[in-house]
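Chemist: Output the structure for:
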Amino acid sequence: MDISEISFDLSNNSSSQLLSSQSEYSGKQPTESRTAYASPCAYRRAISVKEQQLHALLETSSAGIFVTKSNVWTIAFANRRFAELFGCVADELGGCDYIDFIHPDEAELFMDKILLLASGEIELSAFEQRFIRNDGTDFFEYLSVHRLARRDGSLHGMMFTVYDTSEIRESEKQLKRIESNYWEIFNATNDAMFVHDAYTGAIVDANKTVEKMYGYISAHDSLTGLFNRSYFETEFERISKGRNYPISVIMADLDGLKAVNDTGGHVAGDLLIKTAAEVLTGVLRPGDLVARVGGDEFVVLVPNADEEIINDLMSRIHAAGRNIDVEDVSHKVQFSLGSATAHSPEEIGNMLIRSFFSRVVNW
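Modeler: Numbers count the residues shown, from 1 in each chain. As a prediction, this is how the structure comes out:
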């Protein structure tokens, strides 16, 4: 055999003849410094050493590797790891048709890729491939295929590398289970939890508790716990389009807040505001709505209530405030109250203005 045309025949007891001569693959001609390779015997000895080194390298690889012959498309050599992955005996793989290890459903697509390599259109192809083991079970692994060419560019063979990604896949499964458990806990806990972007700080996800909390915060006054102006306006518009006429509103300005703030500080003022909120909620009927719409301003929305009901409600507000002394403030809860009633949708437009201007100091 001419050593410049070494085949991929691995049937002898030496190692695989996977490389051509140095002159063939490097494209360099022997020089005087390579006098050790001047004779055929010297060449054969050098090639044998290279073969042994390559064989040892392939056998220690954690990937499954096999090499094909160019002319018959069969396995010329396969390492032990390949045999383990496919449930075969390594010594028995020589001469086997490698298409037998490709799942039948993907064989045609697989061969299309291999033919592109064989034609020289591409030198390397890497993709996830569905394989079939010797016992008939199938599995997916990552496959890369290298085209081995002679010096003239013609096909000399191919080297297939099957990367065992089972540990990676198992890690991915574990990660998915952890993520699933995390999100289950994330959404089940009563604690408010949210996830934010580490760079921008923007909230990217929040559990139901945060959503409820955000919904509560967006609709309520933080000091008193009453509904805020935004929520009142939304409810006022909704109720005004309904059938709960007559609809009435009460405007209630808390008297003396500035004086309390000036003498006792804002802590005392806040205590007065919270006590006033308790007075209002304490006299309302179920279904009535009270909101804090300003620093010392409250509004009560009362559906299905005419002037008589509203006058009675304002009397009870006044009486309840008069009977309460705010602790540590020495100030009674007093309101300037005003009201307006709409008996039809046509009267709803200026209702809030009418209630504002009808306020009576210390009603």
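Chemist: can you list contacts of stretch 105-119?
Modeler: Outside stretch 105-119, the residues that touch it by CB atoms under 8 Å, 6 or more residues apart in numbering are 99, 102, 122-125, 127, 129-130, 145, 147, 155, 158. The way it works is simple: take the backbone N, C-alpha and C, and place the C-beta from them, glycine included.
Chemist: Next: stretch 120-127.
Modeler: Applying CB under 8 Å, 6+ apart, the external contacts of stretch 120-127 come out as 113-114, 116-117, 142-147, 149, 153, 155.
Chemist: What are the boundaries of the helices in this structure?
Modeler: Applying DSSP state H to the chain gives helices spanning 22-26, 40-59, 80-86, 107-119, 166-188, 208-219, 229-240, 257-283, 307-322, 351-357.
Chemist: who wins for proximity to T341 among those helices?
Modeler: For T341, the closest of these is helix 307-322, at 5.2 Å, according to CB to CB.
Chemist: ok, G282 to H266 distance?
Modeler: Distance, G282 to H266, using CB to CB, to the nearest Å: 24 Å.
Chemist: And the pLDDT at D288?
Modeler: D288 is assigned 94 on the pLDDT scale.
Chemist: Who are the contact partners of it?
Modeler: For D288, the contact set (CB under 8 Å, 6+ apart) comprises 300-303.
Chemist: Inside strands: which ones of those residues?
Modeler: Secondary structure assignment by DSSP state E places 300-303 of the contacts of D288 in strands.
Chemist: Now the two most distant members of those residues.
Modeler: Maximum pairwise distance among the ones in strands among the contacts of D288 (CB to CB): 10.9 Å, between V300 and P303.
Chemist: Could you check which of these two has the larger neighbour count?
Modeler: Shown here are V300 and P303; by other CB atoms under 10 Å, V300 has more neighbours (26 against 18).
Chemist: so the more buried one makes contact with G287?
Modeler: No: checked against CB atoms under 8 Å, the pair V300 and G287 is beyond contact range at 11.6 Å.
Chemist: and for these two, which residues touch both?
Modeler: Counting by CB under 8 Å, 6+ apart, no residue touches both V300 and G287.
Chemist: Report the residue spans of the stretch 251-363 of the chain with pLDDT below the cut-off.
Modeler: Scanning the stretch 251-363 of the chain for pLDDT under 70 picks out the ranges 326-330, 356-363.
Chemist: Tell me how many other residues crowd F227.
Modeler: F227 sits with 20 neighbouring residues when counted by other CB under 10 Å.
Chemist: what about it, distance to I247?
Modeler: Distance, F227 to I247, by CB to CB: 16 Å.
Chemist: Then E92?
Modeler: Look at E92 and I247: by CB to CB, they are 91 Å apart.
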